[in-house]
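**Q** Structure for the following, please:
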Amino acid sequence: MKTQHYIINDITPFEISSKMKEIQNVFNQLTYSHVPVKKDGAYVGCINETDAYCFDSEKVLSDYQYALEPFFVRQETNWLDILESFALNNSNIMPVLDASGKYLGYYELSDIMNLFNDTPFLNEAGGIIVIEKGIHDYSFSEICQIVESNDAKILGVFISKMENDLMQATIKIGHTGMNEIVQTFRRYSYNVISNHEEDKFLEDLKKRSNYLDKYLNM
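**A** Reported below is the predicted structural model:
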């Protein structure tokens with residue numbers, strides 16, 4: 001996906017010599033978490049809104065240069081890597097530089113998220129399965145094989161959680177009759193985290209069957 005046409009350049013980076021009061025006033029008018037800063041015409045980083053309000057309004061930005069956060073992406077950076085950079089830097093604005101380091105503008109988080117909304121993972125009909133397994137025990141090739149061996153197509157899969165040596169993968173599948181896939185994952189020792197109506201129906205039948213066997217054997 002091409003992201004370059006989402007570059008916005010309506011905010012000129014602040015000079016490092018700018019007064020903190022000026023920056024604080026701009027944050028009062030904007031909803032951005034950061035604003036870009038330049039020194040001698042070159043981008044040097046972003047100032048965080050929280051930091052800006054904590055600093056002495058009568059001082060200049062160069063007095064707090066240590067607080068600048070030097071994150072950015074390149075013009076050719078893939079949209080998924082751009083999303084990752086937003087998340088890693090806890091920002092809703094992302095400066096964009098060209099190959100030579102020239103500041104081109106910035107991305108807004110909402111614009112890049114809209115690209116994700118246009119992917120089949122979100123806008124195609126299908127069902128979601130969330131599975132869990134040991135970090136060292138799963139493989140994407142096995143996950144895909146399990147789904148496709150049940151005559152289903154994967155619309156998307158990603159690691160949605162990693163914690164305590166366990167990973168969770170979220171899978172979108174192009175149909176809703178997923179009970180066979182769920183059972184196959186269990187046979188391959190995956191823990192199915194998500195709830196599925198067909199699966200619940202079979203579990204209820206199994207419980208009733210066990211109850212009936214117990215009653216008949218009394």
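**Q** Scan the chain for its longest strand.
**A** If you go by DSSP state E, the chain has its longest strand at strand 154-163.
**Q** partners of that strand in the sheet?
**A** Strand 154-163 pairs in its sheet with strand 166-173 (antiparallel), by DSSP bridges.
**Q** If you count neighbours, what's buried in the following helix or strand past the partner strand?
**A** Of the helices and strands lying after strand 166-173 in sequence (DSSP states H and E), the nearest is helix 179-187. Neighbour counts over helix 179-187 (16 or more other Cβ atoms under 10 Å) mark 179, 181-182, 184-185 as buried. Every residue, glycine included, has its C-beta placed from N, CA and C.
**Q** Strand partners (parallel or antiparallel) of the helix or strand that helix 179-187 is followed by?
**A** Sequence-wise, the next helix or strand downstream of helix 179-187 (DSSP H and E) is strand 191-192. The strands beside strand 191-192 in its sheet (DSSP bridges) come out as strand 127-134 (antiparallel).
**Q** Now find how far off-centre the partner strand is within its chain.
**A** 17 Å (Cα atoms, centre = their mean, to the nearest Å).
**Q** That strand: what's the following helix or strand?
**A** Using DSSP H and E, the first helix or strand after strand 127-134 is helix 140-148.
**Q** for that next one, what is the average pLDDT?
**A** For helix 140-148, the mean pLDDT works out to 93.
**Q** quick revisit: adding pLDDT and distance to residue 63 as columns, could you present the buried residues of helix 179-187 in a markdown table?
**A** A markdown table is the format used below for the buried residues of helix 179-187 (pLDDT from 0 to 100; distance: Cβ to Cβ, whole Å):
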| residue | pLDDT | distance to residue 63 |
| --- | --- | --- |
| 179 | 86 | 64 |
| 181 | 91 | 59 |
| 182 | 90 | 59 |
| 184 | 92 | 62 |
| 185 | 93 | 57 |
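**Q** what's the most distant pair in these?
**A** The span of the buried residues of helix 179-187, defined through Cβ to Cβ, is set by 179 and 185 at 10.8 Å.
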